[in-house]
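Student: here is my input; please provide its structure:
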Amino acid sequence: MTARRRESNLELLRIVAMMMIIALHQNGAAKCIVNAEPHTVNFYIAHIIEAMCICSVNCFVLLSGYFMIEKNEAPVKKCIHLLIDVAFWGLVGCGCAFVFWGEAVGIKDIIIAVIPYIKGQRWFVRDYIILMLLAPFLNRGLIQLSKRNYQILLVVLLLVFSIWPSFFPNPPIDDYGFSCVHFIQLYAIAGYLKRFQAKSLKPVAYLCGYLVSVAFVFGSALLGVGYAYAYNYLFVITASVSLFLFFRSLSIQSAVVNKLASWAFDVFVIHTTTFFADLIYVQLFHVDVTLFGSSFLFLIGFLFCPPVFYLLSSVLAAVKQWIFSKSIDKWLEKLPIKFYCIN
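Tutor: As a prediction, this is how the structure comes out:
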């Protein structure tokens with residue numbers, strides 16, 4: 001399986017989306033949406049941040065679908081590597097909590113840190129791996145569809161798995177987009193963009209599409225219309241597609257961007273590890289305090305925390321990469337099955 005040439009414009013989206021996820025979790029660390037005093041400046045800042053960033057998870061799935069739609073291979077080695085990454089950072093988090101904070105760490109804690117899926121944690125990793133293993137089978141069907149049939153498929157998917165749960169009761173799946181079903185829907189959308197959506201509009205048009213979608217999400221949240229902050233909410237999907245198309249329409253080539261983007265998954269796992277999340281969100285940026293204080297400091301925290309957290313996590317990711325190059329990577333190269341193909 002040959003390595004693809006990195007497109008820096010889309011790699012930049014990977015970085016931006018990851019920082020948006022950090023901002024989402026920064027919002028969640030202090031439960032800003034719930035705890036902010038209604039109709040205060042900080043209340044509106046928290047909602048604007050949530051509305052602008054909630055599409056970020058979808059963007060990661062769109063990126064995967066865009067690059068994988070024409071492949072007939074399931075990346076088994078990559079999936080194993082992701083599982084090892086999660087286990088590694090889980091153990092590091094447990095070790096740091098024990099050493100620096102004196103927390104008691106038992107066998108049960110270690111098992112959950114290494115295999116968090118048994119407790120329903122790391123849902124994104126779980127569903128992403130399922131999507132990767134299904135990808136060649138999905139591709140076989142999607143590649144053979146005509147443009148019209150593909151459009152019909154997307155309309156059906158959006159009606160059943162997005163519009164219905166967004167605005168109407170008793171949908172067939174009511175999981176707010178926290179499932180591989182939603183990931184498959186996004187994967188199909190990305191495949192359509194790769195096959196049929198020409199780069200016909202200027203970047204500003206796509207940016208406007210994103211901002212209009214964000215406005216609808218923000219308004220829906222304040223008015224209580226639909227599940228505004230669900231990943232499968234219709235306007236969250238349109239925001240993620242618009243943002244994806246905006247970055248795709250750019251022309252950028254940067255080795256620095258490519259390198260930083262290569263650590264995005266490690267950044268994701270590190271910043272969602274309890275020890276590091278508490279260290280940065282609470283101990284360094286005091287999000288639990290700034291929510292009830294100066295609006296200026298509250299906003300500054302959202303401007304500085306995501307890039308700082310990303311860069312600090314990238315340093316840790318680089319260290320892990322060096323350690324793995326001397327150990328785990330050599331073992332993975334000896335695997336008898338690195339990927340499987342659909343002929």
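Student: could I get the full set of strands for the stretch 201-343 of the chain?
Tutor: Ranges of strands within the stretch 201-343 of the chain are 340-341, based on DSSP state E, counting those that start in this stretch.
Student: would A104 count as being in a helix?
Tutor: No. Counting by DSSP: H, G, I helix; E, B strand; the rest coil, A104 is located in no helix; its state is coil.
Student: name the next helix or strand downstream of the strand or helix carrying C79, please.
Tutor: Taking DSSP states H and E as the definition, C79 sits inside helix 76-101. Later in the chain than helix 76-101, the nearest helix or strand by DSSP H and E is helix 107-114.
Student: next secondary structure after that following helix?
Tutor: Once helix 107-114 ends, the next helix or strand along the chain (criterion: DSSP H and E) is helix 123-143.
Student: hang on, the earlier thing: which neighbouring elements make contact with the helix holding C79?
Tutor: Packed against helix 76-101 by the contact rule (3 or more CB pairs under 8 Å, 6 or more residues apart in numbering; DSSP states H and E) you find helix 107-114, helix 123-143, helix 264-271, helix 274-277, helix 295-325, helix 328-333. Bear in mind the C-beta positions are built from the backbone N, C-alpha and C, glycine included.
Student: and it with helix 295-325, angle?
Tutor: Using axes from the mean of the first three to the mean of the last three CA atoms, to 10 degrees, the inter-axis angle of helix 76-101 relative to helix 295-325 is 120 degrees.
Student: list the buried residues in helix 76-101.
Tutor: Neighbour-count burial for helix 76-101, counted by 16 or more other CB atoms under 10 Å, picks out 76-90, 92-94, 96-97.
Student: how far away is the residue lying closest to H81 once chain neighbours are set aside from S242?
Tutor: Using CB to CB, 6 or more residues apart in numbering and skipping residues adjacent in sequence, the residue nearest H81 is L332, 6.3 Å away. Noted for L332: a distance of 37 Å to S242, by CB to CB, to the nearest Å.
Student: can you pull up the most central residue in the protein?
Tutor: With distances taken as CA atoms, centre = their mean, the residue of the chain nearest its centroid is V57 (3.0 Å).
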